[in-house]
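> Everything below, folded, please.
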Amino acid sequence: MLLKCKNCEYEWEYKGKSGYYATCPKCLRKVSLTSKGTSTSTFGVSKREGHDSSFFYSRKLYHMVEIDEKMLDIENPVPSNILDKVLCQDSRKMDNIPDSSVHLMVTSPPYNVGKDYDEDLDLNGYLDLLKSVFSETYRVLVPGGRACINIANVGRKPYIPYHKFIIDTMFDAGFLMRGEIIWNKAAGAGVSTAWGSWCSASNPTLRDTHEYILIFSKSKFSRNGKNKDSTISRDEFLEFTKSVWEFPPESAQKVGHPAPFPVELPYRCIQLYTFKGEVVLDPFCGVGTTALAAIKTNRHFICLDNNFEYTEKAKKRINEYLAQTKMSEYVRG
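Numbers count the residues shown, from 1 in each chain. Next up is the predicted model:
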């Protein structure tokens, strides 16, 4: 079959497998193998079947994006002394974690708003901290590995859009953005009183009932799933691929941490972005919520935090969960 790339005009004889797409050997864009599928249209399409979006991605808007889908799927082993462990260490230096050994990072970074574990950093200092951690995260992720960051914006005078600054920071670290999820917490958020001027236009204030989960990947978009097991169900996949998630927040008093996220959040990310038995990293693990989600889904974890009190609470919480579920102990010491 003779194919021609709409992006770079390169022509070649295609002798590969049948399917919807081939990859252009010159520019690595997708090229449709069939005229039966839908394609980019001025007025959109009612549904997508074998959709050819090469026209859209050939536009100048995407010329600055560098993607290497042919990058080798390198997966180095994690040493046993840090696998399935909660470690008290600074995540700006993760020298004990090998390059290309982690499949997913899920975290919620400190917000720098005066919690007992926060430093009093200016915005540039705060972003420098995050860039150091996320640059290390980029190193330890496998090619195509994902990073999921839960963040809320802060303040009112003025409003500080942390999610925007974190997106910029992740771009600087080399990540490709995959999308963003709005976590709608309204059902469990209670009654907020941050109205500002009540029933007056003088200074009304918005009440935040949502947070963001920002999704990124390293170097390329896809991962090789050959001989790997996905554990996500059909109904979960349909629900988790929506850009708005709804589930209640976690009680800070219940888990012993002032800013926890519920197990449901890392659970969804793990089910959506990893295969069974893979490794999940949380560089700001707090009291170990990501570890619980990893255990629940039969994944391995590496959890880091520089607060000794919280790492001890995380180990206790994990071992209590394992005892309740009659599973063998993951964390010792």
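
> Helix or strand for residue 181, just tell me which one.
Taking DSSP states H and E as the definition, residue 181 sits inside strand 175-184.

> ok now that strand, how far from the chain's centre?
Taking the mean of its C-alpha atoms, strand 175-184 sits 7 Å from the chain's own mean (Cα atoms, centre = their mean, to the nearest Å).

> Residue 12: what secondary structure?
Three-state call for residue 12 (DSSP: H, G, I helix; E, B strand; the rest coil): strand.

> That one and residue 23 touch, don't they?
No: using Cβ atoms under 8 Å, residue 12 makes no contact with residue 23, being 10.6 Å away. C-beta here means a position set from N, CA and C on the backbone, and glycine is covered the same way.

> any low-confidence regions in the protein?
Judged against pLDDT under 70, the low-scoring parts of the chain cover residues 17-20, 34-58, 64, 114-118, 187-194, 251-260, 326-333.

> Mark out where each domain of it begins and ends.
The record, using automatic domain parsing to delimit domains, assigns the chain the ranges 1-65, 85-324.

> and the first one, how far apart are its ends?
Meaning domain 1-65. Distance across domain 1-65, first residue to last, is 29 Å (Cα to Cα, to the nearest Å).

> ok so, going back, C-terminal to the strand holding residue 181, what's the next element?
That would be, after strand 175-184 and using DSSP H and E, strand 210-218.

> The next helix or strand after that next one - contacts with which helices or strands?
Sequence-wise, the next helix or strand beyond strand 210-218 is helix 234-240, with elements assigned using DSSP H and E. Contacting helix 234-240 under the criterion 3 or more Cβ pairs under 8 Å, 6 or more residues apart in numbering; DSSP states H and E are the following elements: helix 264-273.

> can you map out the helices along this protein?
54-57, 123-140, 162-173, 234-240, 252-255, 264-273, 289-296, 308-324 (DSSP state H).

> The second one packs against which elements?
Using 3+ Cβ pairs under 8 Å, 6+ apart as the contact definition, the elements that helix 123-140 packs against are strand 102-107, strand 141-151, helix 162-173.

> and residue 316, which of the ones you listed is closest to it?
strand 102-107 (20.4 Å; Cβ to Cβ).

> Determine which stretch of the helices of the chain is the most buried.
helix 289-296 (a mean of 25; mean count of other Cβ atoms under 10 Å).

> got the contact list for that helix?
Residues from elsewhere that reach helix 289-296, judged by Cβ atoms under 8 Å, 6 or more residues apart in numbering: 86, 106-107, 250, 255, 260-263, 265-267, 270, 280, 282, 285, 300-301, 303, 314, 317-318, 321-322, 327, 330-331.

> give me that answer again for 6 Å
For helix 289-296, the external contacting residues (Cβ atoms under 6 Å, 6 or more residues apart in numbering) are 106, 263, 266, 267, 270, 280, 282, 301, 303, 318, 321.

> Closest one of those to residue 112?
residue 282 (18.2 Å).

> Distance of the nearest residue in space to the closest one that is not next to it in sequence relative to residue 7?
With Cβ to Cβ, 6 or more residues apart in numbering as the criterion, residue 282 has its nearest non-adjacent residue at 3.8 Å, and that residue is residue 290. From residue 290 across to residue 7, the span is 39 Å (Cβ to Cβ, to the nearest Å).

> just to revisit the earlier point, got TSV for the helices and strands packed on helix 123-140, with distance to residue 212 too?
As requested, the helices and strands packed on helix 123-140 are exported to TSV (distance: least, Cβ to Cβ, whole Å):
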stretch	distance to residue 212
strand 102-107	13
strand 141-151	5
helix 162-173	4
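
> Residue 4: how many residues sit nearby?
Neighbour count of residue 4, defined by other Cβ atoms under 10 Å: 12.

> Which strand residues bridge it?
On the basis of DSSP bridges, residue 4 takes part in beta bridges with residue 11.

> Might one say that it is in contact with residue 11?
Yes: with the criterion set as Cβ atoms under 6 Å, residue 4 and residue 11 qualify as a contacting pair; they are 4.7 Å apart.

> quick one: the nearest residue to residue 93 once chain neighbours are set aside and residue 78, what's the gap?
By the measure of Cβ to Cβ, 6+ apart, the closest residue to residue 93 outside its immediate chain neighbours is residue 136, 7.0 Å from it. In this view, residue 136 and residue 78 are 15 Å apart by Cβ to Cβ.

> repeat for residue 160
36 Å.

> what do you get for residue 141?
In this view, residue 141 and residue 78 are 12 Å apart by Cβ to Cβ.
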